[in-house]
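**Student:** The sequence isn't on hand, but the structure is:
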Ligand SMILES: [Zn+2]
């Protein structure tokens, strides 16, 4: 042991850097896992039975992900990947070997018909800002079935307005993007003062009680509608953008929806359609169901 240490006389900074490198359950890996999990993707970790043991994999959906440390796997052009000047030849060779091994592993997985995504540590750290590889990862998410086809294939019934209300009760009433949208939209501030509700969450809940009988809007139509119908008939862009933000839609997509709505204005109908274009009901329902269990365990209460 002491002899092998003598072979490579490293400086303290390099040893510290190497010491911090862990093989599995690294911070970037955990970030990727939670990012995907929150959005409804399911996977296994440490997949020793697959070539190269990818960090995350879903065998039936045939995808795998490696989360690579930038230094150790030689992320080209990345600040985190600078090779120490001391023992430069040693590190350069070591990293080149790792890269060659990585390419081999990826090739073996592709041969099995699996999609392979390589996420660098520095990209994983940007996921929550909807940058880096976020768009690429979204392609791995399960595509929700339409209520009708779902009834045929899995026997599940579409969500009712009541169930939607129960899930909405658990969401944050105020969020930065939708709050700013409320004041930016035409006549937004004046309407805020007149409104009977203090948050879009309360607004939604008031609207949804209509489907159980006459409520705040004194609708004549009786119940029997599902949550998708309600969502598609909301003529209020503020309610729609709040819901998308509350269920955890990525920031980039929220900003895009906000911009589309503001330029489609001032008619509420057109603004609502612009938001639904970015966030169709199926997308909202998937996120709502995926995020709901996490919120239930919290202690958040009140309006
Ligand atoms: Zn990097």
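**Tutor:** Ah, there it is. Worth saying up front: this structure is predicted, and the values here are computed from it rather than measured.

**Student:** can you tell me the residue of the stretch 101-250 of the chain closest to the ion?
**Tutor:** residue 122 (3.3 Å; C-beta to the ion). The C-beta positions use only the backbone N, C-alpha and C, and glycine is treated the same way.

**Student:** Tell me the first helix or strand C-terminal of the host helix or strand of that residue.
**Tutor:** Using DSSP states H and E, residue 122 falls within helix 121-124. Counting by DSSP H and E, the element after helix 121-124 in chain order, helix or strand, is helix 134-138.

**Student:** Pull the residues that contact that next one.
**Tutor:** With contact meaning C-beta atoms under 8 Å, 6 or more residues apart in numbering, helix 134-138 is reached by 32, 35-36, 39, 41, 117, 119, 126-127, 250, 252.

**Student:** List the buried residues of that helix.
**Tutor:** 134, 137 (16 or more other C-beta atoms under 10 Å).

**Student:** now it: how far from the chain's centre is it?
**Tutor:** 9 Å (C-alpha atoms, centre = their mean, to the nearest Å).

**Student:** Could you tell me the phi and psi values at residue 45?
**Tutor:** phi -120, psi 170 (degrees, to the nearest 10).

**Student:** Model confidence at it, what's the number?
**Tutor:** Residue 45 is assigned 91 on the pLDDT scale.

**Student:** give me the number of residues near it?
**Tutor:** 15 (other C-beta atoms under 10 Å).

**Student:** Count the neighbours of residue 228 for me.
**Tutor:** Neighbours of residue 228 using other C-beta under 10 Å come to 19.

**Student:** which residues in this protein form strands?
**Tutor:** Using DSSP state E, the strands of the chain run over residues 44-45, 56-58, 63-68, 115-120.

**Student:** With respect to burial, which of these scores highest?
**Tutor:** Comparing the strands of the chain on average neighbours per residue, with mean count of other C-beta atoms under 10 Å, the densest one is strand 63-68 at a mean of 24.

**Student:** which residues are in contact with that one?
**Tutor:** With C-beta under 8 Å, 6+ apart as the contact definition, strand 63-68 has outside contacts at 26, 28-29, 32, 43, 47, 50, 52, 54-58, 75, 102, 105-106, 109, 114-121, 124, 140.

**Student:** ok so, going back, residues in contact with the residue of the stretch 101-250 of the chain closest to the ion?
**Tutor:** 70, 75, 78-80, 132.

**Student:** same question, residue 35
**Tutor:** Here residue 35 is in contact with 127-128, 134, 137 (C-beta under 8 Å, 6+ apart).

**Student:** from these, which two are the most distant?
**Tutor:** 128 and 137 (11.9 Å; C-beta to C-beta).

**Student:** For residue 62, the count of nearby residues, please.
**Tutor:** By other C-beta under 10 Å, neighbour count at residue 62 equals 12.

**Student:** what's the spacing between the residue lying closest to it once chain neighbours are set aside and residue 166?
**Tutor:** The shortest distance from residue 62 to any non-neighbouring residue, by C-beta to C-beta, 6 or more residues apart in numbering, is to residue 114 (4.9 Å). As judged by C-beta to C-beta, to the nearest Å, residue 114 and residue 166 stand 38 Å apart.

**Student:** out of these two, which sits in the more crowded spot?
**Tutor:** More crowded of residue 114 and residue 166, by other C-beta under 10 Å: residue 114, with 20 against 15.

**Student:** Surely that one touches residue 58?
**Tutor:** No - if you go by C-beta atoms under 8 Å, residue 114 and residue 58 don't touch, sitting 9.1 Å apart.

**Student:** just to revisit the earlier point, the helix holding residue 122: which residues count as buried?
**Tutor:** Within helix 121-124, the residues scored as buried using 16+ other C-beta under 10 Å are 121-124.

**Student:** can you redo these as CSV with distance to residue 13 and pLDDT?
**Tutor:** What follows is the buried residues of helix 121-124, written out as CSV (distance: C-beta to C-beta, whole Å; pLDDT from 0 to 100):
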residue, distance to residue 13, pLDDT
121, 18, 90
122, 19, 90
123, 24, 89
124, 23, 89
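
**Student:** Mind putting those into TSV with distance to residue 193?
**Tutor:** Below are these laid out as TSV (distance: C-beta to C-beta, whole Å):
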residue	distance to residue 193
121	48
122	46
123	44
124	44
